[in-house]
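Enquirer: Return atomic coordinates for the entry below.
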Amino acid sequence: PDELVEPTSDSIWATFERCTQSATVPAHWEVEQSVTQRAPLGSATYLLRLTGLPTADALTMGMDVMEVGTAFRLFTVSEEQSELVLSTGVVADNAAAAVPEFRQVWAPFDVDPVGEVFVVWQISNFHHHRGGPRKAPSIGAFDELSHTRKMQRRAEFFVFGLLTIMGLYQLLTFSLHHAF
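Expert: Numbering: from 1, shown residues only. Reported below is the predicted structural model:
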């Protein structure tokens, strides 16, 4: 906690070797026990190891992070390089530089030949009373994630349309009722 580890191969592997903690995702950061009960603000870096994934030739994998009201960056890391996969807002280790953003993002990522991926997830929260990842990222076939998101969007527009029609009906009924 309170450390943004850069996803370069040297720093992340050194941190991974000395890491003795594990964290539950999704979960909220704990509130400090103090007189003021300060909200859990700060930054953190999570290292996720994904195994048993289909290789790059078989299927394009993707990652989907639902609406998270904080800033985060999500990288895939290998021995040779790190690659930014998803990002929202501006991740920083202080409140002045951090900028939260509320939106859903999804993107494809590459899987190594043995079906394993290391993911570095940097999160900073200085603007919301509950810090930490609120939802775990969804991982699966990129086409399926995209299709799921499109279906969710269609359902949202359908509900919006129904509510709009009901509102117009109520306004029409009210105006006709009070016209006489």
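
Enquirer: Could you point out the helix or strand that follows the helix or strand of the chain with the lowest mean pLDDT?
Expert: For the chain, counting by mean pLDDT, DSSP states H and E, helix 9-18 ranks last in confidence among helices and strands (a mean of 66). As assigned by DSSP states H and E, the chain's next helix or strand after helix 9-18 is strand 42-50.

Enquirer: How far off centre is that following strand?
Expert: 12 Å (CA atoms, centre = their mean, to the nearest Å).

Enquirer: in its sheet, what does that strand sit against?
Expert: strand 117-125 (antiparallel) (DSSP bridges).

Enquirer: average pLDDT across the strand it pairs with?
Expert: Averaged over strand 117-125, pLDDT sits at 85.

Enquirer: Quick check, central residue of this protein?
Expert: Per CA atoms, centre = their mean, the C-alpha nearest to the average position across the chain is that of residue 65, at 3.6 Å.

Enquirer: Excluding chain neighbours, what is closest to that residue?
Expert: Nearest residue to residue 65, sequence neighbours excluded (CB to CB, 6 or more residues apart in numbering): residue 137, at 4.9 Å. Every C-beta, even on glycine, is put in place using the N, C-alpha and C of the backbone.

Enquirer: same deal with residue 118?
Expert: Using CB to CB, 6+ apart, the closest residue to residue 118 is residue 77 (4.6 Å).

Enquirer: Mind listing what's buried along the biggest helix by length in the chain?
Expert: If you go by DSSP state H, the chain has its longest helix at helix 142-177. Neighbour-count burial for helix 142-177 flags 142, 145 (criterion: 16 or more other CB atoms under 10 Å).

Enquirer: where are the low-confidence patches of the chain?
Expert: 1-2, 9-13, 15-40, 56-58, 67-68, 129-133, 179-180 (pLDDT under 70).

Enquirer: Could you rerun that using 90?
Expert: 1-143, 145-146, 148-149, 176-180 (pLDDT under 90).

Enquirer: I'd like to know how far residue 163 sits from residue 157.
Expert: Residue 163 sits 11 Å away from residue 157 when distances are taken as CB to CB, to the nearest Å.

Enquirer: and what of residue 69?
Expert: Applying CB to CB to residue 69 and residue 157 gives a distance of 23 Å.

Enquirer: Kindly report the same for residue 139.
Expert: Taking CB to CB, one finds residue 139 at 26 Å from residue 157.

Enquirer: Same question for residue 101.
Expert: Residue 101 is 22 Å from residue 157, by CB to CB.

Enquirer: What separation do you get for residue 55 and residue 43?
Expert: Taking CB to CB, one finds residue 55 at 34 Å from residue 43.

Enquirer: between these two, which one's more packed in?
Expert: residue 43 (22 against 14; other CB atoms under 10 Å).
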